[in-house]
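Student: sequence and predicted structure are below.
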Amino acid sequence: MKTLKLFFRFVLKVLKWGLLSFVVLAIVSALYNLTLPTASKVKDILTQNEKAYISEAMNLQQKMGNEVWPGWGDLQIPVITYNEKYAFLVGYPNPPAGWFKMPREELRCTEWEVVKNDRFGGASYYRQLLPNPDITPESFVVKVGERWVVSMQTKEYAAVTFYKNLRNELPPVLNAIFPYKIFWQFLMGSTENYIAGLEHEAFHAFQGTEVPYRLAEAESPPFSKDYPWEKSANGWNEEINLLMEAFNTESNEAASKLMAQFLAKRSERREKSNLSDEIIRYEQKREWLEGLAKYAELKIGVIASENQRYKPINEVVTAPGFKNYKTRVSHFNEQIGDVKRIGNSPAEPRFYYTGMLQAVMLDRLMPAWKKVAFKEGIYLENLLEKL
């Protein structure tokens, strides 16, 4: 009896201190959240750090891009970054007016103006006022004149909008104590993660340059709202298990057999779910478009970490949080580990991750696959069928 009393006292003490610790952490988090930025500190020009991120993304794509995908590194890709007030355009001398929202080619905004008394890599860069906060270049690609251009928020403004949007989505009380900065740092806050985001969009610019019709049809499928996310969940889970098992299998012969089982299970899911040809094409197009861009953003960071000849630009080396790509291999492994979790979620990122892992497996089992991956009517699963 005495032992039992001691046990309960111990449990109560643990619960007491656990609750006290939670309350203290909640208070600290709530106070810390009062310091979260609600607007960009600098709006009228690009800061030195923002310039460093963009310059390094351009440098990385041009120096290492061909090792990820033949021809990608040969392409000079301009960049638009924007905050709540301005869109900035770099790497494009004397640009024509506005930008085209893709894939519908809707012309937005007006003439670009030179940013006075400031330079980007020794050259002029441009800006234009965003009169409507709902009409921005977004995080994808746009066209300026005839050139495909990366489009993305500045790193600072991306954090501001993340905090604001997540705060609005969380219920009362939780939105006051949620550790926003920790969560942001995990998702996109690191310098390399932001550069990877720029590389993701740069690969879309490459897709648009090489096969604009394929990007257009993959970006404008009319079936996302009608897609049976929940209905096909069980089938996706089984597919992804086979895909992950193939990745974790050392034998290429065994991996090929598992990939065949993955394709068979995919066909079975589609048949059981009674998916139309249009919905099936929707899956294939999104894996091709977003899966390949996800693959490129991860692959280029790993290559930079493993290539001793690659040198980041000096400005980014001194930027806050830059780790010279030393975390990119572990980040890649973490992203592979997320395939199952995100692939089974009822949302678009499913296709980013399943497409990415199919590309990784094609690297291993069909090294020449990129020669035909941009051809009309060729999707990732079509290539896997040839193993």
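Tutor: Arrived safely.
Student: pLDDT below threshold where in the stretch 101-250 of the chain?
Tutor: Low-confidence segments of the stretch 101-250 of the chain, defined by pLDDT under 70: 173-177, 180, 183, 186-189, 223, 232-233.
Student: helices of that one, start to end?
Tutor: 155-169, 174-177, 180-184, 191-210, 212-219, 233-248 (DSSP state H, counting those that start in this stretch).
Student: tell me the buried residues in the last one?
Tutor: So that's helix 233-248. G235, W236, E239, I240, N241, L242, L243, M244, A246, F247 (16 or more other Cβ atoms under 10 Å). Using the backbone N, CA and C atoms, a C-beta is placed for each residue, glycine as well.
Student: show residues contacting it.
Tutor: 254-255, 258-259, 261-262, 265-266, 268-270, 272-273, 336, 339-340, 343-344, 346, 350, 354, 357-358, 360-361 (Cβ atoms under 8 Å, 6 or more residues apart in numbering).
Student: what's whatever helix or strand comes next after that helix in contact with?
Tutor: Next in sequence after helix 233-248, counting helices and strands by DSSP states H and E, comes helix 252-272. The contact list for helix 252-272 (Cβ under 8 Å, 6+ apart) reads 232, 235-236, 238-239, 242-243, 245-247, 249, 280, 361, 364-365, 381, 384-385, 387.
Student: distance from the chain centre to helix 252-272, please.
Tutor: 27 Å (Cα atoms, centre = their mean, to the nearest Å).
Student: please apply the same query to stretch 309-321.
Tutor: The answer for stretch 309-321 is 21 Å, by Cα atoms, centre = their mean.
Student: from here on, call the first residue 192.
Tutor: Sure, I'll start counting at 192 from here, so that last one is stretch 500-512.
Student: now do the buried residues in that stretch.
Tutor: In stretch 500-512, counting by 16+ other Cβ under 10 Å, buried: Y501, P503, I504, E506, V507, A510.
Student: now do stretch 401-412
Tutor: V402, R405, L406, A409, E410, P412.
Student: cool, and stretch 480-497?
Tutor: 480-496.
Student: for stretch 258-267, same thing?
Tutor: In stretch 258-267, counting by 16+ other Cβ under 10 Å, buried: V259, W260, W263, G264, L266.
Student: I'd assumed A487 was in contact with the second one.
Tutor: Yes - under the contact definition of Cβ atoms under 8 Å, W260 touches A487, with a separation of 6.4 Å.
Student: shared neighbours, these two?
Tutor: Counting by Cβ under 8 Å, 6+ apart, the residues touching both W260 and A487 are F394.
Student: number of residues surrounding the nearest residue to L361 once chain neighbours are set aside?
Tutor: Residue nearest to L361 in three dimensions, not counting chain neighbours: F369, with 5.8 Å by Cβ to Cβ, 6 or more residues apart in numbering. Per other Cβ atoms under 10 Å, the neighbour tally for F369 reads 18.
Student: over to Y354?
Tutor: 19.
Student: rewinding a little: could I get the helices of the stretch 292-441 of the chain as CSV with distance to W339?
Tutor: Listed next are these as CSV, based on distance: least, Cβ to Cβ, whole Å:
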stretch, distance to W339
helix 346-360, 21
helix 365-368, 38
helix 371-375, 29
helix 382-401, 4
helix 403-410, 8
helix 424-439, 31
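Student: how about the ones you listed, which one is nearest N515?
Tutor: With Cβ to Cβ, the closest approach to N515 among the helices of the stretch 292-441 of the chain belongs to helix 382-401: 8.7 Å.
Student: who does that closest one touch, helix- and strand-wise?
Tutor: helix 239-259, strand 331-335, strand 338-344, helix 346-360, helix 403-410, helix 483-497, helix 519-534 (3 or more Cβ pairs under 8 Å, 6 or more residues apart in numbering; DSSP states H and E).
Student: which helices and strands does the fifth one pack with?
Tutor: Based on contacts counted as 3+ Cβ pairs under 8 Å, 6+ apart, the elements that helix 403-410 packs against are helix 382-401, helix 468-477.
Student: buried set for the first one?
Tutor: Translated: helix 382-401. 382-400.
Student: chain center to that helix: distance?
Tutor: With Cα atoms, centre = their mean, you get 9 Å for helix 382-401.
Student: same check on the last one?
Tutor: Here the centre of mass of C-alpha atoms in helix 468-477, compared against the chain's by Cα atoms, centre = their mean, lies 21 Å away.
Student: give me the residues contacting it.
Tutor: Under Cβ under 8 Å, 6+ apart, the answer for helix 468-477 is 408-409, 412, 414-415, 417-419, 461, 539, 542, 546, 570-572.
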